[in-house]
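> Got a sequence here, can you model it:
(chains A, B, C and D)
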4 protein chains.
Amino acid sequence: MGPGAGLDEEDRILLFYFKMKSILSEADQKESPSTVVDSQATRELVCELCRNFYQLGWASGTGGGISIKEDNHIYMAPSGVQKERLKPEDIFILNDNGDIAKEPGRGLKLSQCSPLFMHAYKIRNAGAVLHSHSLNAMAATLLFDKKFSIKNMEMEKGVEGFGAFDTLEVPIIENTAYECDLADSLEEAIRNNPKSFAVLVRRHGVYVWGKDWKQAKTHAESYDYLFEAACRMKQLGIDPSR
Amino acid sequence: MGPGAGLDEEDRILLFYFKMKSILSEADQKESPSTVVDSQATRELVCELCRNFYQLGWASGTGGGISIKEDNHIYMAPSGVQKERLKPEDIFILNDNGDIAKEPGRGLKLSQCSPLFMHAYKIRNAGAVLHSHSLNAMAATLLFDKKFSIKNMEMEKGVEGFGAFDTLEVPIIENTAYECDLADSLEEAIRNNPKSFAVLVRRHGVYVWGKDWKQAKTHAESYDYLFEAACRMKQLGIDPSR
Amino acid sequence: MGPGAGLDEEDRILLFYFKMKSILSEADQKESPSTVVDSQATRELVCELCRNFYQLGWASGTGGGISIKEDNHIYMAPSGVQKERLKPEDIFILNDNGDIAKEPGRGLKLSQCSPLFMHAYKIRNAGAVLHSHSLNAMAATLLFDKKFSIKNMEMEKGVEGFGAFDTLEVPIIENTAYECDLADSLEEAIRNNPKSFAVLVRRHGVYVWGKDWKQAKTHAESYDYLFEAACRMKQLGIDPSR
Amino acid sequence: MGPGAGLDEEDRILLFYFKMKSILSEADQKESPSTVVDSQATRELVCELCRNFYQLGWASGTGGGISIKEDNHIYMAPSGVQKERLKPEDIFILNDNGDIAKEPGRGLKLSQCSPLFMHAYKIRNAGAVLHSHSLNAMAATLLFDKKFSIKNMEMEKGVEGFGAFDTLEVPIIENTAYECDLADSLEEAIRNNPKSFAVLVRRHGVYVWGKDWKQAKTHAESYDYLFEAACRMKQLGIDPSR
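Sure, this is the predicted structure:
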């Protein structure tokens, strides 16, 4: 008889459950031979949030995505893949300089957003950075010139440091042919707008961050609401910046 | 041999199932040592409805939420958290004066909406009160001055006391910098509009209640439909209040 | 030893599964002592479709719903309840005259739509009739006077008897204070528009039917698409009826 | 004792699991007596993607759908059915000439889109072709004459060969009474627009393809975003083609 002998039926089934879980868990660990702290939970969270963002329309095509910092390493989705179908083993892990510490292989490539994300991590000490291709964000860049501006909206409170009667501004940078070429102007926009947790990119989308993934996500939802509100206001002939 | 000896295979598996269920159930009860009647079902219902409202776009960022009265206690979501990810153990329980009877701890804070919710419970004998950040509700406050007004809509029947040809009005109060400062004007609006089950807050959202959670939810869905209908009508050049 | 003795481990687990299924199935049958043919599958289908329609925005509040004819009986949701939370045991069964053959009890009331639904069953020999509160249907009644009219749309093919270049019309009847008072004008509209599988009700919604639930549902989706298309066309300055 | 004797409890349960899986798998294979390579995974993928497209509003009524090429055979949904409720056994398999290699029977008919899909397979060596009835695609055909045209949008990168500052064009062909009659003009449009991975059909929808199902799907999402963006731009008085 095997290792289950002498146990209750119930306990043996329970044992079986934990044995299976352990086998599956070991299988995961076999992909992780390096000394990098590799959090399966963080890998799964990146995938779950990408599915969430796909549902919200922020990650259609292969656009959008999120990266999360955990134990001085950054978990980032690969480039050019369907974000709602990511699997935990597809995630890149970068060290806090932005260098690849562990890669999924299988031909997956690091996101071109990587240097952009790193600016928010370094300059703002972000805990998570996301990129959204939301049509609301894109449309907001058609309504304003250098800065998106809105005021007197309760939802502004969703962004740290803002009250309902403040003027909330988000800088808009011009798009570039290659995403990596956005890095310099994004860095400049981040430095010049210390109150903002987001940078819009003309006819493209928005980068949003927060001190952790929860704040990055709630910031992104709050900004997206404000972008959509501004579009609706314009249609009603109301100036959102007053 | 353990307690499963002498039983059929099938029965032992069934026994195992109920044993596991009992262990899990006891674990829940260990968190509830006080004498407060603490309904796990109500806690779960608050969470389920918050997920529902997130899907509807009523609780993006950390906005919106619902509280439910059960056995003279009020179950309320904490402040500043992602409403679609609430867990049953995150819920506050208040007594019917609005004082905290049981709190989740772990740094969670009572919602600022608490005093607002209490007005509907006390003045209107509500069984549930919800708060929505729906863009339809927000936009409705841009279209009207002191009161939202619509008539000749079948969906008015979704609100208790209203027929399809009645004029349905919802008072609009001005937003305040701090949510708690809304309490006085909300109370006044509730008292001055005895037929309304909702109060709109300018550029913010709406408070809706009902005699129980089912009515509060169906009221909220009906009001939201009417707010959206009014916005569509305005775009078509139709006056919703005629 | 019990009835599982002498069997393989695997077979006994299989046996257990079917035993549990049988117990659950008997429990269901105990609620059905009458001689009415009572299809659990049809009850479940009504509930599933109601959830589907809630997701589509056709059944917010307590509005909308579907009834399905099976073996000369009509399965119908009760009145004034949240349609997405219906359970199979909540369904009314009517005979083909519209009289209640079996009711759920527990204070549930037959839908006021019942006489309306019956007209489509009797006059058009429908196999399923649904009622939608879709904002697209409601808005379509604001754009047209006596009849909704659209042409040159591929989606017209989704309605039996129509081609992409036909003019598709849907009669619009005026709303009444009580839903039951719609019955006469609905009947008249059905008789006067033998090609239509739908009747719009001003500022209310739409009734749609088909030879079976599949056709009723695909008809309803096709009509809803055409209603939304007409609204979009009007906004772009295009006349949908030309 | 059966085949499980001498094994651990855990192993026997595992064995049971694989035995059940094998039984179910054999049942599937019994429906596949021919020599056609018949991939159950591809059948399931077609169904999964159809559910996905229904959620996106691309396959309401019985419209829309996807076909996928695998091992020189093309897996295609039947005509006139609810696409979100397809089952793997409903799928047609065609050889690479477009002839039926295996059919589901049960009265299911091959899609009228079949000859249209074949043009993309033959002329462009596509690995998957989809057809969407999205309202965004339909509306885009109302805004442009012979060709949809947009430029300076990041989302153009979602289509192979396009950069963010390119002009992306999609030919628009006129709709026909019978879908099969579109075949010639679709072929001509494909041949005349070698850079495009899509052809719009007036007041109907769009055909989109890619080298495999992933690219076809991401192409379709990117095009749909651009169609919606163009509609929003027109409403804001912005010309999308400049």
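> All the strands of chain A, in order from the start?
With DSSP state E, the ranges of strands along chain A come out as A:65-70, A:73-76, A:92-95, A:100-102, A:128-132, A:147-151, A:167-173, A:198-201, A:205-210.
> So which bits of the fourth one are buried?
Okay, so that is strand A:100-102. A:Ala101, A:Lys102 (16 or more other C-beta atoms under 10 Å in any protein chain shown). The way it works is simple: take the backbone N, C-alpha and C, and place the C-beta from them, glycine included.
> In contact with the closest residue in space to A:Ala164 that isn't next to it in sequence: list those residues for me.
Distances taken as C-beta to C-beta, 6 or more residues apart in numbering or on different chains place A:Glu154 nearest to A:Ala164, at 4.9 Å, with adjacent residues excluded. If you count contacts by C-beta atoms under 8 Å, 6 or more residues apart in numbering or on different chains, A:Glu154 has them with A:Ala164, B:Gly63, B:His133, B:Met138, B:Asn175, B:Val201, B:Arg203, B:His204, B:Gly205.
> mind redoing it with 7 Å?
With contacts defined as C-beta atoms under 7 Å, 6 or more residues apart in numbering or on different chains, the neighbours of A:Glu154 are A:Ala164, B:Asn175, B:Arg203, B:His204, B:Gly205.
> ok, so of these, who is nearest chain C?
B:Gly205 (17.3 Å; C-beta to the nearest C-beta).
> Can you list the low-confidence ranges for chain A?
For chain A, the stretches flagged by pLDDT under 70 are A:1-36.
> Now, of the contacts of A:Glu154, which are buried?
Going by neighbour count (16+ other C-beta under 10 Å), the contacts of A:Glu154 have A:Ala164, B:Asn175, B:Arg203, B:His204, B:Gly205 buried.
> How about chain A: which residue is closest to chain C?
A:Gln235 (10.1 Å).
> and that residue, how many neighbours does it have?
Using other C-beta atoms under 10 Å in any protein chain shown, A:Gln235 has 15 other residues around it.
> Likewise for the one 5 residues further on?
Neighbouring residues of A:Pro240 were enumerated by other C-beta under 10 Å; the total is 22.
> Kindly report the same for A:Gly57.
Look at A:Gly57: counted by other C-beta under 10 Å, it has 18 neighbours.
> ok, back up a step: could you point out which of the buried ones among the contacts of A:Glu154 is nearest to chain D?
Closest approach to chain D among those (C-beta to the nearest C-beta): B:Arg203, at 21.7 Å.
> Pretty sure the closest one sits against B:Ile173.
No: in this structure, B:Arg203 is not within contact of B:Ile173 by C-beta atoms under 7 Å, at 11.2 Å.
> ok now do the spatially most central residue of chain A, which residues does it touch?
Geometric centre of chain A, nearest residue: A:Ile66, 2.1 Å, by C-alpha atoms, centre = their mean. Going by C-beta under 7 Å, 6+ apart, A:Ile66 touches A:Val46, A:Leu49, A:Cys50, A:Phe53, A:Ala128, A:Leu130.
> and the residues you listed as JSON lines, adding neighbour count and distance to chain B?
Listed next are these as JSON lines, based on neighbours: other C-beta atoms under 10 Å in any protein chain shown; distance: C-beta to the nearest C-beta, whole Å:
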{"residue": "A:Val46", "neighbour count": "24", "distance to chain B": "16"}
{"residue": "A:Leu49", "neighbour count": "23", "distance to chain B": "11"}
{"residue": "A:Cys50", "neighbour count": "25", "distance to chain B": "16"}
{"residue": "A:Phe53", "neighbour count": "25", "distance to chain B": "12"}
{"residue": "A:Ala128", "neighbour count": "29", "distance to chain B": "13"}
{"residue": "A:Leu130", "neighbour count": "29", "distance to chain B": "14"}
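> Quick check: A:Leu142 touching D:Gln235?
No: contact criterion C-beta under 7 Å: A:Leu142 and D:Gln235 do not qualify, at 10.6 Å.
> how about the helices in chain A?
Remark: helices assigned in chain A by DSSP state H are A:9-30, A:40-55, A:114-124, A:135-143, A:183-192, A:213-235.
> out of those, nearest to C:Lys83?
Smallest distance to C:Lys83 across the helices of chain A (C-beta to C-beta): 22.3 Å, for helix A:40-55.
> Could you see whether chain D lies near that closest one?
No: Helix A:40-55 stays clear of chain D (C-beta under 7 Å from any C-beta of the partner chain), getting no nearer than 8.7 Å.
> nearest spatial neighbour of A:Leu168, skipping sequence neighbours?
Once flanking residues are discounted, A:Leu168 sits nearest to A:Glu156: 4.8 Å by C-beta to C-beta, 6+ apart.
> got the contact list for that neighbour?
By C-beta under 7 Å, 6+ apart, the contact set of A:Glu156 is A:Phe162, A:Gly163, A:Ala164, A:Asp166, A:Leu168, A:Leu226.
> quick one: contacts for the third one?
Contacts for A:Ala164 were tallied using C-beta under 7 Å, 6+ apart; they are A:Asn152, A:Met153, A:Glu154, A:Glu156, A:Lys157, B:Asn175, B:Ala177.
> Distance-wise, check A:Phe148 relative to A:Ala229.
For A:Phe148, the distance to A:Ala229 (C-beta to C-beta, to the nearest Å) stands at 11 Å.
> which one of those two has more residues nearby?
Taking other C-beta under 10 Å, A:Phe148 and A:Ala229 do not tie; A:Phe148 has more neighbours (25 against 22).
> now that one: how far from chain D?
A:Phe148 sits 15 Å away from chain D, going by C-beta to the nearest C-beta, to the nearest Å.
> Can you tell me, leaving aside adjacent residues, what's nearest to that residue?
Distances taken as C-beta to C-beta, 6+ apart put A:Val170 closest to A:Phe148, at 4.2 Å, once the chain neighbours are dropped.
> Tell me how many other residues crowd the one you found.
Using other C-beta under 10 Å: A:Val170 sits among 27 other residues.
> next one: A:Thr176
Burial of A:Thr176 is recorded as 19 neighbouring residues (other C-beta under 10 Å).
> Test my guess that it contacts A:Asp184.
No: judged on C-beta under 7 Å, A:Thr176 makes no contact with A:Asp184 at a distance of 9.3 Å.
> between those two, what contacts are shared?
Shared contacts of A:Thr176 and A:Asp184 (C-beta under 7 Å, 6+ apart): none.
> A:Leu182 touches A:Arg202, doesn't it?
No: contact between A:Leu182 and A:Arg202 fails when scored by C-beta under 7 Å: they sit 10.3 Å apart.
> Contact residues of chain A facing chain B?
A:8-10, A:13, A:152-155, A:158, A:163-165, A:214, A:217-218, A:221-222, A:225, A:228-229, A:232-233, A:236, A:238.
> partner residues bridging A:Gln168?
Residue A:168: Leu, not Gln. A:Ile150 (DSSP bridges).
> List the residues that contact it.
Remark: with contacts taken as C-beta under 7 Å, 6+ apart, A:Leu168 is in contact with A:Ile150, A:Lys151, A:Glu156, A:Val159, A:Phe162, A:Leu226.
> Tabulate those in CSV, adding columns for distance to A:Ile100.
Formatted as CSV, the contacts of A:Leu168 follow (distance: C-beta to C-beta, whole Å):
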residue, distance to A:Ile100
A:Ile150, 38
A:Lys151, 42
A:Glu156, 37
A:Val159, 32
A:Phe162, 36
A:Leu226, 35
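> Since that was my last question, I'll sign off now.
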